[in-house]
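>>> model this:
(2 chains)
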2 protein chains.
Amino acid sequence: MSKILVTGGLGFIGSHTVVELQNEGYEVVIIDDLSNSSESVLDGITAITGKKPVFEKLDLKDKTGVESFFKKHNDVEGVIHFAASKAVGESVQEPLLYYENNISTLVYILKELKKLPSAAFIFSSSCTVYGQADELPITENAPVKLAESPYGNTKQIGEEIIRDTCKVTPSIKAIALRYFNPVGAHESVEIGELPIGVPQNLVPFITQTAIGLREELSVFGDDYPTPDGTCIRDYIHVVDLAKAHVVALKRLLEGKNKENYETFNLGTGKGSSVLEVVQAFERVSGEKLKYKVVGRREGDIISAYADTNKANNELGWKTELSLDDAMRSAWNWEKKVRSK
Amino acid sequence: MSKILVTGGLGFIGSHTVVELQNEGYEVVIIDDLSNSSESVLDGITAITGKKPVFEKLDLKDKTGVESFFKKHNDVEGVIHFAASKAVGESVQEPLLYYENNISTLVYILKELKKLPSAAFIFSSSCTVYGQADELPITENAPVKLAESPYGNTKQIGEEIIRDTCKVTPSIKAIALRYFNPVGAHESVEIGELPIGVPQNLVPFITQTAIGLREELSVFGDDYPTPDGTCIRDYIHVVDLAKAHVVALKRLLEGKNKENYETFNLGTGKGSSVLEVVQAFERVSGEKLKYKVVGRREGDIISAYADTNKANNELGWKTELSLDDAMRSAWNWEKKVRSK
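Numbering: from 1, shown residues only, chains lettered A, B, ... in the order given. This is a model prediction of the structure:
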């Protein structure tokens, strides 16, 4: 079975994807620099799949290290590239960190893939490339908007680098997956999201508030032009998202791609408001969540959810889990993490 | 007098700028990797200015080397950053080379500048960021268009990286200079353009054809919607361009900039067609140039020339030399180079 490199494979989405890859029989090698993850995640993956993936601690900014890795693992047939910095606010404060972490590392990996006889490459992109789209739901043909943060810009630039590379290097086939809002945890409660510091995303903030780690949830604005006035996002269960990576990888390995470089939205197709997410949490947990409405947050877009037709029809993948499933697993995960 | 680092200081525009800096009394340190230049350019600079600049051979992709340089030269007050790969066609064939050469190196330098108490930074950008502008002449407010090549994209991305950095790091003040089409040579004929291989630009191709190195000049299309049917560009004498760098640097060192990050067009404001350039060459050289009209070249825009108001009024700089001056110096330079 093909050997697949998963960079950032101990992170939130990475670890769930490693599980699905191993469940499908792929041989997985993980690279992670542990800057935003823990080696103990390996135990969770092993508990679920019964197999411990190979792990190499490596900072991908170490160009020589990347070269050595590919010399050692020259039978890698595919790469799923999660490793990247991902905090929007931090990217505004530390743009150079983001441009280096997210771009130089991508270039180093692609340079090594050029040397292989063939390679499948899956890139973690984001719906942030669309900004506030003019039409909803958002299709893959919606124009890419001027990035609102260095983080978002690195995703756009990453897509451009891959597109330009695939244009002249047919041995590399690539898919950029544009994630909407990944939430939830594995139902086994062996792996989940482990935010460092104050969570920047809604769902971990909700569960940390419910468990008593945060005072209350701030809802940023309830005067948006949406049914209940709060912002709307497309929350996708991380296990559904992880499975999409395996499907996309298989598409490339089996040569079923239509072009050398393709993009797919990964979302549920359904938008949920902040208050609807709070209600879902309260419904599945039986807990009452403390929250207050505060002013709008700069840079927040009003509404974004995916048109899933291309992913459904061409990838042959669709989400199977609900927002309630996601909130339940996220809450079970939070309770497990804090009970330790 | 301030110590200024000039990266790519042995290249075409770099060497002319070093001359102007030294003429103004600045202490210059050059970094160049000699990948597209010759160490003998130092002799030309020395012959003109009577002073040999400090030269350090360094590939800026060597991050540790960049760090060591700034440890040694921690009294650098300004950087003029020319070092970059610049061939549009090559960038299409080797996108990763361009993304690494032009972006990683910029990030490494800016990271070092963050450590200094203050720093002035001048970036070599290009009118390619405008693509085919909707309005002529092109002002600095014209929208940045989707890049047509990885080269052009690295210039856009470079501007974004600098803009994002200056936003949060007030100790770094920067100006991006958007060059139109630099041509000509120093009137002393001690330095000039030294294209490697077949020239990608019009003027060196003309002079190499006239001297017998090339069979004939191909004029790509004479059916464009312009007065004589050939493409129109804004050809700026490299000595005028070099002087603009000194003016921009001084603006930052003296704190006269209005914002921490500014952009200026560097052009003459006058568009010249390909055939007009050929005629200017024939006029000043007394040579008859062999050329033939061939089909249009993919990706060529029809017409581009600068609105120079912002540079004239805010920088207090304008061009002093004509297209004839440029063609005369380019021809004298070609004759000197080939007679060696």
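
>>> ok, which stretches of the stretch 1-150 of chain A are strands?
Counting by DSSP state E, counting those that start in this stretch, the stretch 1-150 of chain A has strands at residues A:3-7, A:27-32, A:54-57, A:76-81, A:119-126.

>>> got JSON lines for these, with mean neighbour count too?
Every C-beta, even on glycine, is put in place using the N, C-alpha and C of the backbone. Compiled in JSON lines, the strands of the stretch 1-150 of chain A are given as follows (neighbours: other Cβ atoms under 10 Å in any protein chain shown):
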{"stretch": "strand A:3-7", "mean neighbour count": "24"}
{"stretch": "strand A:27-32", "mean neighbour count": "24"}
{"stretch": "strand A:54-57", "mean neighbour count": "15"}
{"stretch": "strand A:76-81", "mean neighbour count": "24"}
{"stretch": "strand A:119-126", "mean neighbour count": "24"}
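
>>> and of those strands, who's closest to chain B?
Ranking these by proximity to chain B (Cβ to the nearest Cβ) places strand A:119-126 first, at 12.6 Å.

>>> now the next helix or strand after the closest one, how far from the chain's geometric center?
Remark: after strand A:119-126, the chain's next helix or strand is helix A:150-168, criterion DSSP states H and E. Centroid displacement of helix A:150-168 relative to its chain, using Cα atoms, centre = their mean, to the nearest Å, is 16 Å.

>>> correct me, but A:Asn101 touches A:Ser85?
Yes - counting by Cβ atoms under 8 Å, A:Asn101 touches A:Ser85, with 4.6 Å between them.

>>> quick one, which of the two is more surrounded?
Neighbours per residue (other Cβ atoms under 10 Å in any protein chain shown) separate A:Asn101 from A:Ser85, with A:Asn101 holding more: 23 against 19.

>>> state the pLDDT value of that one.
Note for A:Asn101: predicted pLDDT of 96.

>>> which residue, other than its chain neighbours, is closest to A:Pro199?
A:Phe205 (4.5 Å; Cβ to Cβ, 6 or more residues apart in numbering or on different chains).

>>> and A:Thr207, by the same measure?
A:Thr207 sits nearest to A:Glu334 (Cβ to Cβ, 6+ apart), 3.7 Å away.

>>> who are the contact partners of the one you found?
Contact partners of A:Glu334, counting by Cβ atoms under 8 Å, 6 or more residues apart in numbering or on different chains, are A:Gly192, A:Pro204, A:Thr207, A:Gln208, A:Ala210, A:Ile211.

>>> please repeat the previous calculation with a cut-off of 10 Å.
Neighbour list for A:Glu334: A:185, A:189, A:192-193, A:203-204, A:206-211, A:213, A:285 [criterion: Cβ atoms under 10 Å, 6 or more residues apart in numbering or on different chains].

>>> now for those, which pair is the farthest apart?
A:Val189 and A:Thr209 (19.5 Å; Cβ to Cβ).

>>> now the helices: where do they sit in chain A?
Using DSSP state H, the helices of chain A run over A:12-23, A:41-49, A:63-72, A:88-93, A:95-99, A:105-115, A:150-168, A:202-210, A:238-253, A:274-285, A:309-310, A:323-339.

>>> out of these, nearest to B:His237?
Among the helices of chain A, the nearest to B:His237 by Cβ to Cβ is helix A:150-168 (33.1 Å).

>>> just give me the closest of the contacts of A:Glu334 to chain B.
Nearest to chain B, judged by Cβ to the nearest Cβ, of the contacts of A:Glu334 is A:Pro204 at 25.9 Å.

>>> what's the closest non-adjacent residue to that closest one?
Leaving aside its chain neighbours, A:Pro204 sits nearest to A:Pro195 (4.9 Å; criterion: Cβ to Cβ, 6+ apart).

>>> tell me which of the strands of the stretch 1-150 of chain A sits nearest to A:Glu135.
Set against A:Glu135 and scored by Cβ to Cβ, those come closest in strand A:119-126, at 18.5 Å.

>>> and that closest one, what other elements does it pack with?
On a contact count with 3 or more Cβ pairs under 10 Å, 6 or more residues apart in numbering or on different chains; DSSP states H and E, strand A:119-126 meets strand A:3-7, helix A:12-23, strand A:76-81, helix A:105-115, helix A:150-168, strand A:172-179, helix A:238-253, strand A:261-266.
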